[in-house]
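> sequence? don't have it. structure:
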């Protein structure tokens with residue numbers, strides 16, 4: 001069978017791209033599609049095995065390499081312009097529009113959903129505010145675009161034959177927003193690349209894009225009220241200057257870190273702190289693979305990956321007081337955490353297991369789908 005693999009955009013090497021990396025590991029001869037492809041040579045080798053994706057007209061628009069997200073209103077038109085007529089199976093990796101690709105009745109489309117489009121659904125207000133689209137004429141225009149995208153998204157979410165969710169949290173969202181059932185297969189984490197370290201240093205660690213929904217501001221505020229505790233934050237993003245505006249001696253911003261440095265920082269941290277209501281949260285599992293306990297929100301993907309009292313501490317609300325209480329609770333039972341057990345626990349999220357599960361799922365659905373076609 002001829003297979004097409006579709007991803008939203010190929011620009012970074014983040015969580016969605018790690019899933020797509022597994023797709024190209026499994027289906028080596030498949031053709032690859034995306035809205036845009038601006039991968040550097042290093043990431044192209046990892047994600048696409050050196051291939052270039054078939055892209056849309058957005059690839060050639062002005063400043064697309066840096067500002068492709070600004071063309072969001074054009075994404076539906078762009079994704080629908082891709083031609084998949086010569087393929088038997090379409091496998092999409094979607095957190096925005098790829099689940100909306102056009103297909104014929106005799107084609108099988110399986111979509112791995114990282115999330116419904118968060119900037120038009122649950123987190124629309126947060127994104128509006130961050131982009132300064134919440135006032136005046138900008139708000140009027142943005143609201144019209146939002147309504148258009150929501151209608152398109154609801155309609156085209158019915159196009160895939162099957163949906164896979166990356167967590168139970170996302171499966172519930174897919175049911176609530178699209179009224180679609182899905183199968184949960186957790187995304188791949190390269191846990192084998194993270195060795196357990198038992199000797200921890202005296203600091204708490206955060207690694208994240210510094211964007212509004214990650215709520216790093218709450219962590220910074222909490223630690224500002226606990227000056228005896230040291231916090232190290234790795235990452236960059238639009239919130240950086242705002243977060244650094246209040247100079248705090250116990251909070252250190254160290255910017256972007258390469259993989260080697262990031263791993264060492266996670267390995268030596270006494271605990272990893274995570275406050276986002278995330279779809280899954282690969283970095284949380286990576287931290288635990290280092291034997292590092294995680295202090296995380298008891299909502300979203302982290303509610304499914306962190307075991308309270310065993311691999312970390314879960315807190316209930318996204319607020320400063322809950323974070324402070326969680327840190328205090330962690331310190332009260334810090335000696336009871338077994339770093340080796342925390343690391344071993346993460347093996348069930350390995351890339352090998354993911355690839356076995358996703359291939360088995362696609363094979364079963366293909367046999368079922370094309371078997372039915374043959375009997376008609």
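Perfect, I can see it now. Quick caveat, the model's predicted, so the values are computed rather than measured.
> am I right that residue 47 is in a helix?
Yes: with DSSP: H, G, I helix; E, B strand; the rest coil as the criterion, residue 47 is part of a helix.
> which residues does the most centrally placed residue in the chain contact?
Residue closest to the average C-alpha location in the chain (Cα atoms, centre = their mean): residue 15, at 4.5 Å. By Cβ atoms under 8 Å, 6 or more residues apart in numbering, residue 15 lies in contact with 114, 187, 280, 282. Backbone N, C-alpha and C define where each C-beta goes, glycine included.
> cutoff 6 Å now
residue 282 (Cβ atoms under 6 Å, 6 or more residues apart in numbering).
> can you check residue 182 too?
163, 165, 171, 174.
> what distance do you get for the residue nearest to the centre of the chain to residue 260?
Residue 15 is 19 Å from residue 260, where distance means Cβ to Cβ, to the nearest Å.
> with residue 195 instead?
12 Å.
> the more surrounded of those two?
Between residue 195 and residue 260, counting by other Cβ atoms under 10 Å, residue 195 is the more crowded of the two (11 against 8).
> report the secondary structure state of the more buried one.
coil.
> count of neighbours near residue 185?
With other Cβ under 10 Å as criterion, residue 185 counts 18.
> in contact with it, which residues?
164, 357, 358.
> now with 10 Å?
When contacts are counted by Cβ atoms under 10 Å, 6 or more residues apart in numbering, residue 185 touches 19, 112, 164, 165, 166, 167, 353, 354, 357, 358, 360, 361.
> ranking helices and strands of this protein by mean pLDDT, which lands last?
helix 124-130 (a mean of 69; mean pLDDT, DSSP states H and E).
> next helix or strand past that one?
helix 136-156 (DSSP states H and E).
> so where is this structure shaky, pLDDT-wise?
Scanning the chain for pLDDT under 70 picks out the ranges 124, 126, 129-132, 372-376.
> what packs against the lengthiest helix in the chain?
With secondary structure taken from DSSP state H, the chain has its longest helix at helix 351-375. Helix 351-375 sits against helix 15-26, strand 89-94, strand 108-113, strand 162-165, strand 183-184, with contacts defined as 3 or more Cβ pairs under 10 Å, 6 or more residues apart in numbering; DSSP states H and E.
> want to try a markdown table for those, with distance to residue 349 as columns?
Formatted as a markdown table, the helices and strands packed on helix 351-375 follow (distance: least, Cβ to Cβ, whole Å):
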| stretch | distance to residue 349 |
| --- | --- |
| helix 15-26 | 11 |
| strand 89-94 | 18 |
| strand 108-113 | 15 |
| strand 162-165 | 15 |
| strand 183-184 | 13 |
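> out of the ones you listed, which gets nearest to residue 264?
helix 15-26 (20.2 Å; Cβ to Cβ).
> wait, what's in contact with residue 301?
So residue 301 contacts 115, 166-170, 186-187, 274, 276-282, 284-285 (Cβ under 10 Å, 6+ apart).
> mind giving me the domain split of the chain?
As assigned by automatic domain parsing, the chain contains the domains 3-116+157-188+350-375, 191-348.
> dump these to JSON lines, plus distance to residue 123.
Listed next are the domains of the chain as JSON lines, based on distance: least, Cβ to Cβ, whole Å:
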{"stretch": "domain 3-116+157-188+350-375", "distance to residue 123": "10"}
{"stretch": "domain 191-348", "distance to residue 123": "6"}
